[in-house]
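J.: Based on what follows, work out the 3D shape:
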Amino acid sequence: MLHRLLLLGAYKNPALKTLLVADALLLAAEAMLVPIYAVFVAEVGGDILDAGITASALAFGAGVASLAGGKYADGLRDKKQLIVACYALTALGFLLFTTITSIWYLAAVQAGLGLVRAFAEPAFDALYSANLDKNREAQGWAAWEAMAYFVTAFGSVAGAAIVSAFSFDTLFTVMAIMSVVSALYLFSVPKSRFRQTLDGRH
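T.: As a prediction, the model looks like this:
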């Protein structure tokens, strides 16, 4: 029952269900750090301003990559592979957090994460849109929106709990593992499950 509630009307659609599960793992991993990010910045010698600057590096990188990623994704026959690659690279980015030694290094890692994540997002959106059920497009996107809110709520608490009980390095390792699992799960699903374009081509 809870599974159906979280995925709303999209749970009967195998393509959307796959994309929702894969993205849920990655979004939950990202959400684990967001509420306590300033605390991490303080641990590596930064202050509130540094937290803002390094967070903006991620957003700036994402903005640049979104435009390039959209153009690149439009030329792909299998958009899933780009998403898988970027999910895997995101895991590497999370692990790099364990090696942070300066604020400038942190800003570089954040910018790299922004580039990687946002480069795949147009491909994900296009693939998700292509697999929406006719006359249920709003419900399909509502399923994604609800999923994102629910996993953000879970991740926010889980991340704080992990750092409270263990350490930031443990948190970053968990985040990386979740990203790898997401990438492997999506990689294991055959291309034939997805329509690649709005006109129904696989």
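J.: So, low pLDDT: which residues of this protein?
T.: Scanning the chain for pLDDT under 70 picks out 1-11, 197-202.
J.: What segments of it are helices?
T.: 2-7, 14-31, 37-43, 48-74, 79-96, 103-130, 137-165, 168-188 (DSSP state H).
J.: and of those helices, who's closest to residue 195?
T.: helix 103-130 (4.6 Å; Cβ to Cβ). Every residue, glycine included, has its C-beta placed from N, CA and C.
J.: buried sites along that closest one?
T.: Across helix 103-130, burial judged by 16 or more other Cβ atoms under 10 Å covers 103, 106-128, 130.
J.: circling back to that earlier point, now the helices of the chain in CSV, with distance to residue 195?
T.: Listed next are these as CSV, based on distance: least, Cβ to Cβ, whole Å:
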stretch, distance to residue 195
helix 2-7, 18
helix 14-31, 7
helix 37-43, 37
helix 48-74, 14
helix 79-96, 10
helix 103-130, 5
helix 137-165, 13
helix 168-188, 16
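J.: Ok, which of the ones you listed comes nearest residue 194?
T.: Nearest to residue 194, of all these, is helix 14-31, at 5.0 Å by Cβ to Cβ.
J.: packing partners for that closest one?
T.: helix 2-7, helix 79-96, helix 103-130, helix 137-165, helix 168-188 (3 or more Cβ pairs under 8 Å, 6 or more residues apart in numbering; DSSP states H and E).
J.: how about these in TSV, adding distance to residue 59?
T.: Output for these, formatted as TSV (distance: least, Cβ to Cβ, whole Å):
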stretch	distance to residue 59
helix 2-7	28
helix 79-96	15
helix 103-130	6
helix 137-165	17
helix 168-188	19
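J.: Which stretch among those helices approaches residue 51 most closely?
T.: With Cβ to Cβ as the measure, helix 103-130 is the member of those nearest residue 51 (9.3 Å).
J.: Compute the inter-axis angle for the closest one and helix 137-165.
T.: Taking axes from the mean of the first three to the mean of the last three Cα atoms, to 10 degrees, one finds helix 103-130 and helix 137-165 inclined to each other by 150 degrees.
J.: what's the closest of the helices and strands packed on helix 14-31 to residue 22?
T.: Of all the helices and strands packed on helix 14-31, helix 168-188 comes closest under Cβ to Cβ, at 4.2 Å.
J.: circling back to that earlier point, ok, which of the helices and strands packed on helix 14-31 comes nearest residue 35?
T.: Using Cβ to Cβ, these put helix 137-165 closest to residue 35, at 4.8 Å.
J.: if we can go back for a sec, what's the closest of the helices and strands packed on helix 14-31 to residue 52?
T.: Proximity to residue 52 (Cβ to Cβ) singles out helix 103-130 among the helices and strands packed on helix 14-31, at 10.9 Å.
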